[in-house]
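Engineer: build me a structure from this.
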Amino acid sequence: MASSMLEFRTPGFNPYAVKYSPYYDSRIAVASAANYGIVGNGRLFCLGLGPQGVQVEKMFDTNDAQYDLAWSEINESQLLVACGDGSIKLYDVNVNDFPVMNFHEHKRETFSVAWSPITKDTFASSSWDGTVKIWSPARKDSITTLPVGNCTYSTNYCPSNPNIISAVSTDSHLRVFDLRTPISAQYHLTVKIPVHHPPPVPLPPGIAPPAMPAEILTHDWNKYRDTVIATGGVDRVIRTFDIRNPAAGPTSLIMGHEYAIRRLAWSPHAADVLISGSYDMTVRLWTDGSTMESDGSSPIKRGVQLGVMNRHTEFVTGVDWCLFGVGGWVATVGWDERLLLWDANMILQGRL
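Structural biologist: Model (predicted):
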């Protein structure tokens with residue numbers, strides 16, 4: 001990857017999500033929708049990176065928009081797509097045209113899918129129907145349904161424990177479920193954090209109190225500190241929380257986006273670094289401040305922007321890190337019908 005930025009276009013389709021393969025640094029997939037996902041079909045692009053740049057290896061069309069995707073953790077050729085008709089489809093890049101499995105219990109749009117990174121034998125989905133569902137790729141019926149009660153934009157597995165699953169939703173709460181608890185105990189709900197609630201400690205200087213509760217659109221678990229979760233959404237603020245002490249409020253506040261934060265992802269290479277994409281058309285690289293000295297005025301750390309990538313010309317809807325290599329390559333997609341691959345280290349050096 002000698003060039004500082006690679007580009008691939010998705011003509012006629014507006015991307016909603018991008019993911020690097022967990023097996024290969026040269027394989028990447030984009031989930032997209034015609035007409036910005038409002039009406040029309042979806043297209044999954046399975047792409048390869050080679051000497052000629054980004055090339056299509058396979059495309060799969062769906063009857064409805066595609067809002068998210070997840071690579072299988074047990075089969076390097078398979079990946080899931082979350083669809084606007086409530087279905088989740090499992091595709092195999094070696095099988096033409098049709099999904100090898102179809103999972104359809106959600107009553108509204110499926111907006112998020114995540115594959116268990118530990119046991120690798122289940123995946124989770126979340127939907128506008130107010131539920132998170134746990135599935136086995138080997139059976140068409142879900143294993144468990146976790147009620148959230150309102151439109152659930154994002155679900156994820158704890159990176160170190162296959163029984164712990166998180167979700168964020170329109171009601172401004174971060175929920176954490178532990179499947180080891182009795183189902184009678186609130187359907188496995190163990191932590192419920194009101195993200196926009198004023199913290200019980202002083203805010204850092206210059207930071208205003210939280211706005212009214214707003215929709216949370218995205219969240220991610222820290223890969224090195226497995227009790228830390230970052231959230232982002234409509235109020236433009238990234239917050240980190242330690243789920244061991246939910247009453248303490250945010251551990252850091254990260255501000256700078258001008259419109260809603262659509263997607264964020266912690267770095268797999270550094271414990272304090274994350275990337276976010278926004279409706280302000282930018283992708284921003286941050287440190288959450290956890291490695292910096294506190295100024296003593298507040299226990300809440302203030303995140304610092306490390307750089308901005310502003311080559312997208314529409315809403316940025318997807319961001320992902322490459323697991324391999326020197327560490328720093330990221331993929332971003334936006335409604336401008338473009339996938340951009342670039343080295344976040346270039347931002348730090350002021351060369352992007």
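Engineer: drop to CA atoms for contacts and neighbour counts, all remaining ones
Structural biologist: OK.
Engineer: got the end-to-end distance for stretch 121-136?
Structural biologist: 6 Å (CA to CA, to the nearest Å).
Engineer: need the residues that contact that stretch.
Structural biologist: Outside stretch 121-136, the residues that touch it by CA atoms under 8 Å, 6 or more residues apart in numbering are 73-74, 82, 86, 106-116, 137, 141-157, 167.
Engineer: make a ChimeraX selection of the buried ones in the residues you listed.
Structural biologist: Only the buried entries of these go into this ChimeraX selection, using 16 or more other CA atoms under 10 Å:
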select :73,74,82,86,106,108,109,110,111,112,113,114,115,116,137,142,145,146,147,148,151,152,153,154,155,156,157,167
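Engineer: out of the contacts of stretch 121-136, list just those in strands.
Structural biologist: Among the contacts of stretch 121-136, the members falling in strands (DSSP state E) are 82, 110-115, 144-147, 152-157, 167.
Engineer: quick one: contacts for the residue nearest to Val283 when sequence neighbours are not counted?
Structural biologist: Closest residue to Val283 apart from its sequence neighbours, by CA to CA, 6 or more residues apart in numbering: Gly277 at 4.5 Å. Counting by CA under 8 Å, 6+ apart, Gly277 makes contact with Ile261, Arg262, Arg263, Leu264, Val283, Arg284, Val316, Thr317, Gly318, Val319, Thr332.
Engineer: now Gly277: which helix or strand?
Structural biologist: strand 273-278 (DSSP states H and E).
Engineer: buried sites along that strand?
Structural biologist: Val273, Leu274, Ile275, Ser276, Gly277, Ser278.
Engineer: ok, it: who's next to it in the sheet?
Structural biologist: strand 261-266 (antiparallel), strand 283-287 (antiparallel) (DSSP bridges).
Engineer: pick the most buried one from those strands.
Structural biologist: Mean neighbour count (mean count of other CA atoms under 10 Å) peaks for strand 261-266 among the strands paired with strand 273-278, with a mean of 26.
Engineer: contact partners of that strand?
Structural biologist: Residues contacting strand 261-266 (CA under 8 Å, 6+ apart): 217-223, 230-238, 272-279, 316-321.
Engineer: that strand - what's its average pLDDT?
Structural biologist: Here strand 261-266 scores 98 as its mean pLDDT.
Engineer: got the angle for it vs strand 152-157?
Structural biologist: Between the axis of strand 261-266 and that of strand 152-157 there is an angle of 10 degrees, by axes from the mean of the first three to the mean of the last three CA atoms, to 10 degrees.
Engineer: could I have strand 261-266 exported to CSV, CA atoms only?
Structural biologist: Output in CSV follows, covering the C-alpha atoms of strand 261-266 (Å, rounded to 0.1, in the frame of the first residue of the first chain):
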residue,chain,number,x,y,z
ILE,A,261,-21.7,10.7,15.0
ARG,A,262,-22.7,7.7,12.9
ARG,A,263,-20.0,5.2,13.5
LEU,A,264,-17.0,4.8,15.8
ALA,A,265,-14.3,2.1,16.3
TRP,A,266,-11.5,1.6,18.9
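Engineer: out of the buried residues of strand 273-278, which is nearest to Val176?
Structural biologist: For these, the residue nearest Val176 by CA to CA is Leu274; the value is 20.8 Å.
Engineer: ok, now which ones touch the closest one?
Structural biologist: Leu264, Ala265, Trp266, Ser267, Leu285, Trp286, Thr287, Asp288.
Engineer: local confidence estimate at the fifth one?
Structural biologist: For Leu285, the pLDDT comes out at 97.
Engineer: name whatever forms a beta bridge with the residue nearest to it when sequence neighbours are not counted.
Structural biologist: Using CA to CA, 6+ apart and skipping the chain neighbours, the partner closest in space to Leu285 is Ile275 (4.6 Å). When assigned by DSSP bridges, Ile275 has beta-bridge partners Ala265, Leu285.
Engineer: confirm Tyr36 sits in a strand?
Structural biologist: No - per DSSP: H, G, I helix; E, B strand; the rest coil, Tyr36 lies outside any strand segment and is helix.
Engineer: distance of it from Val56?
Structural biologist: 21 Å.
Engineer: same check, this time on Ser252
Structural biologist: 40 Å.
Engineer: so if I had to pick from these two, which one is more boxed in?
Structural biologist: Neighbours per residue (other CA atoms under 10 Å) separate Ser252 from Val56, with Ser252 holding more: 23 against 14.
Engineer: per-residue pLDDT, the more buried one?
Structural biologist: Looking at Ser252, its pLDDT is 96.
Engineer: in contact with it, which residues are there?
Structural biologist: Per CA under 8 Å, 6+ apart, neighbours of Ser252: Arg239, Thr240, Phe241, Asp288, Gly289, Ser290, Ile300, Lys301, Arg302, Gly303.
Engineer: export those residues as TSV, with columns for pLDDT.
Structural biologist: Output for these, formatted as TSV (pLDDT from 0 to 100):
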residue	pLDDT
Arg239	98
Thr240	98
Phe241	98
Asp288	97
Gly289	95
Ser290	94
Ile300	94
Lys301	95
Arg302	94
Gly303	96
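Engineer: hang on, the earlier thing: rebuild the strands paired with strand 273-278 as JSON lines, extending it with distance to Lys120.
Structural biologist: What follows is the strands paired with strand 273-278, written out as JSON lines (distance: least, CA to CA, whole Å):
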{"stretch": "strand 261-266", "distance to Lys120": "20"}
{"stretch": "strand 283-287", "distance to Lys120": "29"}
